[in-house]
Structure formats: structure tokens, C-alpha cells
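Participant: just coords:
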């Protein structure tokens, strides 16, 4: 495992998950619900920024590695799954939406692994729909975490709910795209 700045940022993202989840278990005498929401939003947003930053630094500093390429998406999926589970626990997200998004991530990860094993890993690159899904999801989750109204007119919960439903729809569409690419390979390689 190469030790470099991009990999360190990825590890920090993974290590932030217990803190992120734990914030909501602090007693109200330690942190008010509004403070819990704010801190969790900051942690999640920081993790999202380091996700972009570690990839950028790996390319700019020429510190890409097979281990980093493996660990980065794992860290992303763990953080998103943790956030979705917390949101279900807080009754800010329907469990079906969390299941759709987490289930797709597991399915596509397994599909990519299988495609790599049969030598067709390059044929399952990230689609435009997948990128749109990620943007919608990464915008929705902080809004759902923050939860509290901002001023008289902006309701993060409502906007976050719309965005997460959009992410769920894009999740299903992008999964259909990946399956369309993979099914012919599955038929060939049984």
C-alpha cells in the first residue's frame, strides 16, 4: 500500500465515518439537534470535497496507484451508505430510496469486479447518468443532513428530498445502462 497524500485523504474519509455517525448518538446536553445536523453536514461535505481532492492530487502529483484506485470508491460508497442509513434512522429518508441507492452501488461494484475478471473491465466505465446521479446524491445528502430551515423561504429537507428522489431515478437508469453493457458479456462467458 503506497503511503501518499491522496491515499491519506482517502483513509481520513473512511476514519471520519464513525465520527459522522456518532454525532447523532451524542446526548442533547452535549450537542443540540441543530448542532448535530450542522456538524454532520460539515463532516459529510468535507468528505465529499476530499473525494474530489484526493483524485486531483493523485493525478497532479503523479501518485496514482492500484491501491488508491481500489480504496477511493470504497471510501465513497461507505460514506454515502452511512449517510443514507443515518437519514433513514432520523426519518428524513424513506428506506426504499436508501435501498435503491445502496443496492445499486453493491450491484455495480460486483458487476465491475466480474467484468474485470473476464477481461472486460474497461467496457464498464462511468456513464454520464452515473455522474449525474452522483451530483444529485451529493447535493441531496448535505441538505437532508442539515434539515433545519434557512431563513423563511429555503427548506433544505424539501429540496434535499427532491434531489434524492432524482438521484434514485438516475440510479435505476444508470444501473439499467450498466446491465445493458454487461448482459452480452454474461451471455458469452456464462
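Facilitator: Cool, the structure landed. For clarity, every value in this text was computed on a predicted model and none was experimentally measured.

Participant: all contacts plus neighbour counts: C-alpha atoms, from now on.
Facilitator: OK.

Participant: how close does the residue most central in space within the chain get to residue 89?
Facilitator: The chain has residue 80 as the residue nearest its centroid, 3.4 Å off, counting by CA atoms, centre = their mean. Using CA to CA, to the nearest Å, residue 80 is found at 14 Å from residue 89.

Participant: pLDDT below threshold where in this structure?
Facilitator: Where the chain drops to pLDDT under 70, the residues are 1-2, 120-126, 190.

Participant: ok, longest helix in it?
Facilitator: Counting residues, the longest helix found in the chain (DSSP state H) is helix 156-189.

Participant: give the other helices and strands that it contacts.
Facilitator: Applying 3 or more CA pairs under 8 Å, 6 or more residues apart in numbering; DSSP states H and E, we find helix 156-189 packed against helix 95-117, helix 128-146.

Participant: hmm, 6 Å instead?
Facilitator: helix 128-146 (3 or more CA pairs under 6 Å, 6 or more residues apart in numbering; DSSP states H and E).

Participant: how about the residue in the protein that sits furthest from its center?
Facilitator: The chain, CA atoms, centre = their mean, max distance from centroid: residue 188 (31.9 Å).

Participant: for residue 182, see how far away that residue is.
Facilitator: Separation of residue 188 from residue 182 (CA to CA) stands at 10 Å.

Participant: just confirm residue 11 is within a strand.
Facilitator: No: with DSSP: H, G, I helix; E, B strand; the rest coil as the criterion, residue 11 is assigned helix and is not in a strand.

Participant: and for the residue nearest to it when sequence neighbours are not counted, the neighbour number?
Facilitator: Excluding the flanking residues, the one nearest residue 11 by CA to CA, 6 or more residues apart in numbering is residue 75, at 7.6 Å. Residue 75 has 20 neighbours, counted by other CA atoms under 10 Å.

Participant: go on, residue 68?
Facilitator: 23.

Participant: can you check residue 85 too?
Facilitator: As a burial measure, residue 85 scores 19 neighbours (other CA under 10 Å).
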